[in-house]
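Visitor: sequence and computational prediction follow.
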Amino acid sequence: MNQDALKKAAALAALEEIRALAQDAVIGVGTGSTVNHFIDALASSGISIRGAVSSSEASARRLAAHGIPLLGLDAIAPGTLPFYIDGADEIDPGFCMIKGGGAALTREKIVAAAALRFICICDASKKVDVLGRFPLPVEVIPMARAQVAHEIARLTGGSPRWREGIVTDNGNHILDISGLAITDPPALESALNQIAGIVTNGLFARRGANVLLLATPAGIERSER
């Protein structure tokens, strides 16, 4: 089974995970290739959701193309978003994640924070013992990019690199930090967010996943924090 088939299997598993409770609900939808499979499957599932809160313009366009209503977080009462479904670039045994390979990390983090449950869907290649093999994305205010890169290198010992040609949906830049072995994800998440000029970083540790649906060649492995 190739990687795309595994991504699709994870997406279909998420659909079954939420089927019983998603009818007439508003759900949070993430960004990326695995989520694209989820959106396509949702559209043909027979589940009639009230709408979706999207974490990116790309996912919003895909949802709209399927006729799925789009809502902003301000349109729903706090504490009433039952699910957020999204992938991960890496996930560790404690369900802490690196996200942001698609440059949507800030909106992803906002919608994840609003949801009662974060359902992570990914293939087995994304599960790691220690986060950091995948470069850690950081969204930065453009005018602060060089200064932030200097401070990141000093703080972490890692090597930040500007993802040239990429502008986030919020009009900002991305720095990717390589050379990290992240043994305390919550601490690093908090420390990076104290650097002036950083909007947020791609560590989802203080708000990690609640459920992991991991697609393997042998089938879906479901685990819960």
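Guide: Alright, I've got the coordinates. Numbering: from 1, shown residues only.
Visitor: what segments of this structure are helices?
Guide: Per DSSP state H, the chain has helices spanning 3-22, 33-43, 57-65, 105-114, 145-156, 185-192. These are given in chain order.
Visitor: same list, these, but as CSV with mean pLDDT and mean neighbour count please.
Guide: In short, each C-beta sits where N, CA and C put it, glycine included. Shown next, in CSV, are the helices of the chain (pLDDT from 0 to 100; neighbours: other C-beta atoms under 10 Å):
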stretch, mean pLDDT, mean neighbour count
helix 3-22, 91, 18
helix 33-43, 94, 21
helix 57-65, 97, 17
helix 105-114, 97, 22
helix 145-156, 98, 16
helix 185-192, 98, 18
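Visitor: burial count for residue 162?
Guide: By the other C-beta atoms under 10 Å criterion, the neighbourhood of residue 162 contains 14 residues.
Visitor: quickly list what it is bridged to.
Guide: Per DSSP bridges, the residues bridged to residue 162 are residue 175.
Visitor: for it, list the residues it contacts.
Guide: Residues near residue 162 by C-beta atoms under 8 Å, 6 or more residues apart in numbering: 145, 149, 173, 174, 175.
Visitor: and the two most separated of those?
Guide: Greatest spatial distance among these (C-beta to C-beta): 149 and 174, at 11.3 Å.
Visitor: picking up where we left off before, quick one: which of the helices of the chain is nearest residue 83?
Guide: Among the helices of the chain, helix 3-22 comes nearest to residue 83, with 5.4 Å by C-beta to C-beta.
Visitor: from the chain's centroid, how far away is the closest one?
Guide: Relative to its chain's centre, helix 3-22 lies at 16 Å (C-alpha atoms, centre = their mean, to the nearest Å).
Visitor: try stretch 181-199
Guide: 17 Å.
Visitor: can you get me the start-to-end distance on that stretch?
Guide: Stretch 181-199 has an end-to-end distance of 22 Å (C-alpha to C-alpha, to the nearest Å).
Visitor: also stretch 213-223?
Guide: Per C-alpha to C-alpha, stretch 213-223 runs 7 Å from first to last residue.
Visitor: what is the mean pLDDT for it?
Guide: Averaged over stretch 213-223, pLDDT sits at 95.
Visitor: need the contact list for residue 101.
Guide: Residue 101 neighbours (C-beta under 8 Å, 6+ apart): 32, 89, 134, 137.
Visitor: most neighbours, which of those?
Guide: residue 137 (27 neighbours).
Visitor: my read: that residue touches residue 173, true?
Guide: No. Counting by C-beta atoms under 8 Å, residue 173 is not a contact partner of residue 137; they are 10.5 Å apart.
Visitor: which residues are in contact with each of these two?
Guide: Common neighbours of residue 137 and residue 173 (C-beta under 8 Å, 6+ apart) are residue 163.
Visitor: run me through the strand neighbours of the longest strand belonging to the chain, direction for each.
Guide: Longest strand of the chain, by residue count under DSSP state E: strand 115-123. Using DSSP bridges, strand 115-123 pairs in its sheet with strand 81-86 (parallel), strand 211-216 (parallel).
Visitor: pull out the buried residues from the first one.
Guide: Of the residues in strand 81-86, those buried by neighbour count under the rule 16 or more other C-beta atoms under 10 Å are 81, 83, 84, 85, 86.
Visitor: do the same with the last one
Guide: The neighbour-count criterion (16+ other C-beta under 10 Å) identifies 211, 212, 213, 214, 215 as the buried residues of strand 211-216.
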